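Asks: below is the sequence, then the predicted model.
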Amino acid sequence: MSEKRRFVCINCGHRVKELFKKYSNSLKTTQCDKCHQTTDKYIEFEEFIILIDALLLDSGAFRHIIYNGDFKLYWKISLVVLLLESFALCRQKLPDHSDASLHVHEKGFYTYTLQNIGDYLFMTLLLLIITATLSIDWMKKMGLRSFTLIIFKVVLISNLSKFFLLPILVWRNNTTVFGRSLHHVLVMGHHLCSLVIAYEAVGATRKDLRWWALILVVIAFAFKESARQFVSLLLEEQFT
């Protein structure tokens, strides 16, 4: 038996039965019973606009993508982001000489790709532990499969921030080491904000525990980044 799909209001997160009503030749968006606003304005928007709003850290866009929208496109985008991040990480380990920067160690690229996949899964595991600890009832209500999928979507959507690594790939040879480091820090800052907002948007924890959950998410992110840096150092020693 197929699982009934869960829709939510993108403004308040309240669960709704439907996003629109179909009349003879037209569709009309529904109103949320709780906040009395349009349930999901994004059903009338192009995917590109929704993606831009997600990059601008709009919680409504996060709710639409995770709960109401068709996630197929974002699986593909996440794959592109994964390869982009792996390429950026591999380029970061190369010397500044122009001849060297044109060549990316193939084995290193594949290794960093596997590292990033492990990074996504590890962050998903940490968020699962946090949510299960603080909101075990929500997990039981959603079901283990749906619960895990939603948390994994949160991780994938937050990683859209890695798109901002693209400029440093293009202009790497026209900036300084400090400039590249600053750019990376800003991207990681945006990634952390995106992760926190996306996690908060799905309503995985009770309101009275929300701040505790967000603090734990930040701590989990810091722990994950520390583990990532440690693994990167080991890989750097292997390929240099």
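Replies: Cool, the structure landed. Just so it is clear, the model here is predicted, and its values are computed rather than measured. Numbering: from 1, shown residues only.
Asks: and the strands in the chain?
Replies: For the chain, the strands defined by DSSP state E occupy 7-8, 15-16, 20-23, 26-29.
Asks: which one of those strands is the most hemmed in?
Replies: Of all the strands of the chain, strand 7-8 carries the top mean neighbour count, a mean of 20, counting by mean count of other CB atoms under 10 Å. C-beta here means a position set from N, CA and C on the backbone, and glycine is covered the same way.
Asks: returning to what we had before: nearest to Leu186, of the strands of the chain?
Replies: In terms of CB to CB, the element of the strands of the chain nearest to Leu186 is strand 7-8, at 31.0 Å.
Asks: state the mean pLDDT of that closest one.
Replies: The average pLDDT within strand 7-8 is 90.
Asks: quick one: contacts of it?
Replies: Outside strand 7-8, the residues within contact range by CB atoms under 8 Å, 6 or more residues apart in numbering are His14, Arg15, Val16, Lys17, Glu18, Leu19, Thr39, Asp40, Arg63, Tyr67, Asn68, Gly203.
Asks: tell me, please, the helix or strand in the protein that averages the lowest pLDDT.
Replies: helix 98-101 (a mean of 46; mean pLDDT, DSSP states H and E).
Asks: shaky segments in the protein?
Replies: Within the chain, the stretches with pLDDT under 70 are 1-4, 93-106, 204-208, 235-240.
Asks: residues touching the most centrally placed residue in the chain, list them.
Replies: Centroid-nearest residue in the chain, with CA atoms, centre = their mean: Ser158, separated by 2.0 Å. By CB under 8 Å, 6+ apart, the contact list for Ser158 reads His191, Ser194, Leu195, Ala198, Tyr199.
Asks: just to revisit the earlier point, want to throw the strands of the chain into TSV with distance to Thr124?
Replies: Formatted as TSV, the strands of the chain follow (distance: least, CB to CB, whole Å):
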stretch	distance to Thr124
strand 7-8	20
strand 15-16	23
strand 20-23	31
strand 26-29	32
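Asks: and Ile136, which of these is closest to it?
Replies: Shortest distance between Ile136 and the strands of the chain, using CB to CB, is found for strand 15-16: 18.8 Å.
Asks: ok, back up a step: now, the most widely separated pair of the contacts of strand 7-8?
Replies: Glu18 and Gly203 (18.9 Å).
Asks: same drill for the two, tell me which one is more crowded.
Replies: Gly203 (19 against 11; other CB atoms under 10 Å).
Asks: dump the residue contacts of the more buried one.
Replies: Here Gly203 is in contact with Val8, Gly13, Trp138 (criterion: CB under 8 Å, 6+ apart).
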